[in-house]
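[1] take a look and give me a structure for this.
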Amino acid sequence: MNERESGHRTLRVLRTCRVTPKMARVTLGGDELAGFPGHGPDQRIKMFFPVAGQDRPAMPRASSGGPVWPPGEARPIIRTYTVRRHDPEAGEMDVDFVLHGAHGPAAAWAAGAKPGDWVGVSEPGGRYEPDPATETHLVIGDESALPAIATVLAALPAGTSAQVFVEVADADEEQPLPSPATVRLHWLHRGSRAPGAALVEAVLAAPRPPGRCQAWLSAEAAAVRDIRAFLIDERGLSRRQVYATGYWRAR
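    Predicted coordinates:
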């Protein structure tokens, strides 16, 4: 069984660029990207990063008892990221990485990635779909969720509206977020405040949108918990109408 048959693929870096001062975009490609099934908003993949002494990450093969790793090889660092763009015709996939002040292993890899570098990816998963009966979409997150927010907004149908709240470090971290929907976008600059504080404050202070609502919410875990509870308990959204994921935890 090869990696593609097991649902895992090893890809190479084609190019990199900076989307903003603190966000890097890595474009991946290679023969094993052919047939990649990613489509739709908020498609999440596991990424397998090589560890010290490896040019190419060790990759597992599937078995009935779970993944089987190559004997004698160090296991890779594994993190979850969102597919920002997948272009089957061009044979390319973009993944965006937030470059934190103190780099984690994945961000450090992205900061130093160069054409020809190897990285592994899993097949994508994602459960969010815009509800066609929704009149107003709430889209809420921080910079870690920006790649997913971009795909969510791109998937919203024309004729609907979206209220979007995004917390970032400062104005330099804002980026274009096109959508067929009518979007009211609120950029929230964190400055010296604790992560998530500006996001929670803005969402709790905003009036309830008219009509049927659906919410997509991803950010720091404590902020997600508080906003989700508010949307359900105070704004009257059902649990099925709130798609919420804590992406990371503040220390």
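[2] from here on, contacts and neighbour counts on C-alpha atoms
    Fine.
[3] and the strands in the chain, which stretches?
    8-20, 23-29, 44-49, 77-87, 92-98, 118-122, 136-142, 161-168, 182-189, 213-220, 242-248 (DSSP state E).
[4] quick one, the first one and strand 23-29 angle?
    Orientation check (axes from the mean of the first three to the mean of the last three C-alpha atoms, to 10 degrees): strand 8-20 against strand 23-29 gives 140 degrees.
[5] who touches strand 8-20?
    3, 24-33, 59-61, 113-123, 172-175 (C-alpha atoms under 8 Å, 6 or more residues apart in numbering).
[6] pull out the buried residues from the residues you listed.
    Taking 16 or more other C-alpha atoms under 10 Å as the criterion, what is buried in the contacts of strand 8-20 is 3, 24-30, 33, 59-61, 113, 117-123, 173-174.
[7] dump the strands of the chain into a markdown table; add mean pLDDT and distance to Ile232 as well.
    A markdown table is the format used below for the strands of the chain (pLDDT from 0 to 100; distance: least, C-alpha to C-alpha, whole Å):
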| stretch | mean pLDDT | distance to Ile232 |
| --- | --- | --- |
| strand 8-20 | 97 | 34 |
| strand 23-29 | 98 | 32 |
| strand 44-49 | 96 | 25 |
| strand 77-87 | 96 | 26 |
| strand 92-98 | 97 | 30 |
| strand 118-122 | 97 | 33 |
| strand 136-142 | 97 | 13 |
| strand 161-168 | 97 | 17 |
| strand 182-189 | 98 | 21 |
| strand 213-220 | 97 | 10 |
| strand 242-248 | 94 | 8 |
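[8] among those strands, which comes closest to Ile149?
    strand 136-142 (7.1 Å; C-alpha to C-alpha).
[9] now do Gly30 against Ala171, distance only.
    35 Å (C-alpha to C-alpha, to the nearest Å).
[10] same question, Asp226
    Counting by C-alpha to C-alpha - Asp226 and Ala171 are separated by 25 Å.
[11] and what of Ser218?
    Ser218 is 20 Å from Ala171, by C-alpha to C-alpha.
[12] which of those two has more residues huddled nearby?
    When Ser218 and Ala171 are compared for neighbours, Ser218 comes out ahead with 27 against 13, by other C-alpha atoms under 10 Å.
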